[in-house]
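Asks: Structure, please.
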Amino acid sequence: MNRIVINSSKAPEPIGPYSQAIMVNGTLYVSGQIAIDREMGQLANEDVATEAHQVMRNLEYILHEAGLAFKSVVKCTIFLKDMDDFTVVNNVYGQYFTHHHPARETVQVSRLPKDARVEISCIAVKES
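Replies: Got it, this is the predicted structure:
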C-alpha cells in the first residue's frame, strides 16, 4: 500500500493525534476541518457563513498540497452543530463546488471541537 501523509502549512495543525490527510493509492482522505484560521491562530467564527468559508479554504489548502482541487472531491461529510444553519452552509459549500457535485451527507451533532458550528471532511481521487 502506498500511504503518504499530507500536511499543508496553510491549514490548521491537527489538534489531536491525526493527520490533515492521508493519500493511499491515489485516494485522499481529508480529516474533518473546522474554521481555524492558521494565520490568526483562532476560530474564524463571526457567523456561520464565515466559519463555512474558512472550513472550505482549509480543505482547499490540503487538497492543493496533495496536487488536487475541489473537482477531485468525490465525497463530503458535513457536521453541523445546528441543522438550522443548513441553508447558509449549503450556499457557501455550493460556491466551491460549482460544476462538480460530490456525494454528500449532512448531519447535526451535539458538539464539535472548539465549539465550532461547522466541520467538513472529504475524500478526493487523483485522476490517472
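Asks: What count of nearby residues applies to the spatially closest residue to residue 80 that is not a sequence neighbour?
Replies: Of all residues not flanking residue 80 in the chain, residue 108 sits nearest, at 5.3 Å (Cβ to Cβ, 6 or more residues apart in numbering). From N, CA and C alone the C-beta is placed, and that goes for glycine too. Around residue 108 there are 13 other residues, counting by other Cβ atoms under 10 Å.
Asks: and residue 108, what does it touch?
Replies: 79, 80, 81, 82, 83 (Cβ atoms under 8 Å, 6 or more residues apart in numbering).
Asks: if I read this right, residue 78 contacts residue 103, doesn't it?
Replies: No. Here residue 78 lies out of contact with residue 103, judged by Cβ atoms under 8 Å, at a distance of 11.8 Å.
Asks: Who has more neighbours out of these two?
Replies: Using other Cβ under 10 Å, the more surrounded residue of residue 78 and residue 103 is residue 78, with 22 against 10.
Asks: Let me see the contact set for that one.
Replies: By Cβ under 8 Å, 6+ apart, residue 78 lies in contact with 89, 93, 104, 105, 106, 107, 118, 119, 120.
Asks: Buried subset of these, written for ChimeraX?
Replies: Those of the contacts of residue 78 that count as buried under 16 or more other Cβ atoms under 10 Å are selected in ChimeraX with:
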select :89,93,104,106,118,119,120
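Asks: Which of the contacts of residue 78 sits closest to residue 15?
Replies: Comparing those against residue 15 with Cβ to Cβ places residue 119 closest, at 11.7 Å.
Asks: so how far is the helix or strand containing that closest one from its chain's centroid?
Replies: Following DSSP states H and E, the helix or strand that holds residue 119 is strand 118-125. Relative to the chain's own centre, strand 118-125 is displaced by 5 Å; criterion: Cα atoms, centre = their mean, to the nearest Å.
Asks: Pull up the pairing partners for it, direction included.
Replies: Strand 118-125 pairs in its sheet with strand 27-33 (antiparallel), strand 73-80 (antiparallel), by DSSP bridges.
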